[in-house]
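Undergrad: Next comes the sequence, and after it the predicted model I'd like to discuss.
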Amino acid sequence: QVTLKESGPGMLQPSKTLSLTCSFSGFSLSTSGMVVSWIRQPSGKSLEWLAAIDWDGDKYYNPSLKSRLTVSKDTSNTQVFLKITSVDIADTATYYCARSPYYYSSPFDYWGQGVMVTVSS
Amino acid sequence: DIQMTQSPASLSASLEEIVTITCQASQDIGNWLSWYQQKPGKSPQLLIYGATSLADGVPSRFSGSRSGTQYSLKISRLQVEDIGIYYCLQAYSAPWTFGGGTKLELK
């Protein structure tokens, strides 16, 4: 059974660094073709793809946020991390991680439940 | 970035009615288009991938089609459980981009 679950601080202040963790089971990020992405959704708005990391450790970022994003994975290939530096109120959103099982162009077939992050002073 | 223009933004329909939602891509994306359903407070769920293929466990009343750079999601007989927000996603080239969403409500 494939599951993903995001975790994060809940709330943080502007200018801080946001650290998120996606813990998953039922698959391994070491499997050829496997990709895990981060996607966010401000309340009442659409979805925005942020970053992805693949089975080989290659990383892709949304150019609109690239300078602030860092995606990484753990050595056991069961967790993916996302750091966003210099957060602003505009970074307030629900953050999801999702799996693409057959390279980058395959759909997001499993999603985590999401973690809500509020940036506020 | 590839822009995905989704319409309508909201839609009110009756039970058993046929519903169609469309996404217009700003350039050719082939069949790298998927559709997702999101219910309140939940994460999106995959409905259609490869523009026309039904995801596992999705009722057959859902279908996807493509005409050039226009993609459509059709619900053949609307059910109560179909209420939610629908999004398209292009995965042809990074950054992957979503449509603005269609909020489907019962009339």
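TA: Yes, it's here.
Undergrad: so what's the most centrally placed residue in chain B bridging to?
TA: For chain B, the residue nearest the mean C-alpha position is B:Trp35 (3.9 Å; C-alpha atoms, centre = their mean). Applying DSSP bridges to B:Trp35 gives these bridge partners: B:Ile48, B:Cys88.
Undergrad: any idea how far A:Thr92 is from it?
TA: Using C-beta to C-beta, to the nearest Å, we find B:Trp35 at a distance of 27 Å from A:Thr92. In short, each C-beta sits where N, CA and C put it, glycine included.
Undergrad: Need the three-state assignment for A:Tyr102.
TA: coil (DSSP: H, G, I helix; E, B strand; the rest coil).
Undergrad: Identify the residues contacting the residue nearest to the centre of chain B.
TA: For B:Trp35, the contacting residues are B:21, B:46-48, B:62, B:64, B:73, B:86-89, by C-beta atoms under 8 Å, 6 or more residues apart in numbering or on different chains.
Undergrad: please redo it, this time with the cut-off set to 6 Å
TA: Contact partners of B:Trp35, counting by C-beta atoms under 6 Å, 6 or more residues apart in numbering or on different chains, are B:47-48, B:73, B:88.
Undergrad: quick check, nearest of these to B:Gln3?
TA: Checking those against B:Gln3 by C-beta to C-beta gives B:Cys88 as the nearest, at 11.4 Å.
Undergrad: wait, the closest one sits on B:Gly101?
TA: No - contact criterion C-beta atoms under 6 Å: B:Cys88 and B:Gly101 do not qualify, at 8.9 Å.
Undergrad: Name the residue in these two with the higher neighbour count.
TA: Shown here are B:Cys88 and B:Gly101; by other C-beta atoms under 10 Å in any protein chain shown, B:Cys88 has more neighbours (28 against 23).
Undergrad: For the most centrally placed residue in chain A, give me the backbone phi and psi.
TA: For chain A, the residue lying nearest the average C-alpha position, counting by C-alpha atoms, centre = their mean, turns out to be A:Trp38 (2.6 Å). Note on A:Trp38: backbone dihedrals following degrees, to the nearest 10 are phi -110, psi 130.
Undergrad: For it, list the residues it contacts.
TA: By C-beta under 6 Å, 6+ apart, the neighbours of A:Trp38 are A:50-51, A:82, A:97.
Undergrad: Name the residues of chain B found near chain A, please.
TA: Residues of chain B lying close to chain A by C-beta under 6 Å from any C-beta of the partner chain are B:32, B:34, B:43-44, B:46, B:49, B:91, B:94-96, B:98, B:100-101.
Undergrad: got the residues you listed as TSV, with pLDDT and secondary structure columns?
TA: Output for the residues of chain B next to chain A, formatted as TSV (pLDDT from 0 to 100; DSSP: H, G, I helix; E, B strand; the rest coil):
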residue	pLDDT	secondary structure
B:Trp32	97	coil
B:Ser34	98	strand
B:Ser43	98	coil
B:Pro44	98	coil
B:Leu46	98	strand
B:Tyr49	97	strand
B:Ala91	96	coil
B:Ala94	93	coil
B:Pro95	96	coil
B:Trp96	97	coil
B:Phe98	98	strand
B:Gly100	98	coil
B:Gly101	98	coil
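Undergrad: Including distance to B:Ser10, could those go into JSON lines?
TA: Below are these laid out as JSON lines (distance: C-beta to C-beta, whole Å):
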{"residue": "B:Trp32", "distance to B:Ser10": "26"}
{"residue": "B:Ser34", "distance to B:Ser10": "21"}
{"residue": "B:Ser43", "distance to B:Ser10": "21"}
{"residue": "B:Pro44", "distance to B:Ser10": "17"}
{"residue": "B:Leu46", "distance to B:Ser10": "22"}
{"residue": "B:Tyr49", "distance to B:Ser10": "25"}
{"residue": "B:Ala91", "distance to B:Ser10": "25"}
{"residue": "B:Ala94", "distance to B:Ser10": "29"}
{"residue": "B:Pro95", "distance to B:Ser10": "26"}
{"residue": "B:Trp96", "distance to B:Ser10": "24"}
{"residue": "B:Phe98", "distance to B:Ser10": "17"}
{"residue": "B:Gly100", "distance to B:Ser10": "11"}
{"residue": "B:Gly101", "distance to B:Ser10": "9"}
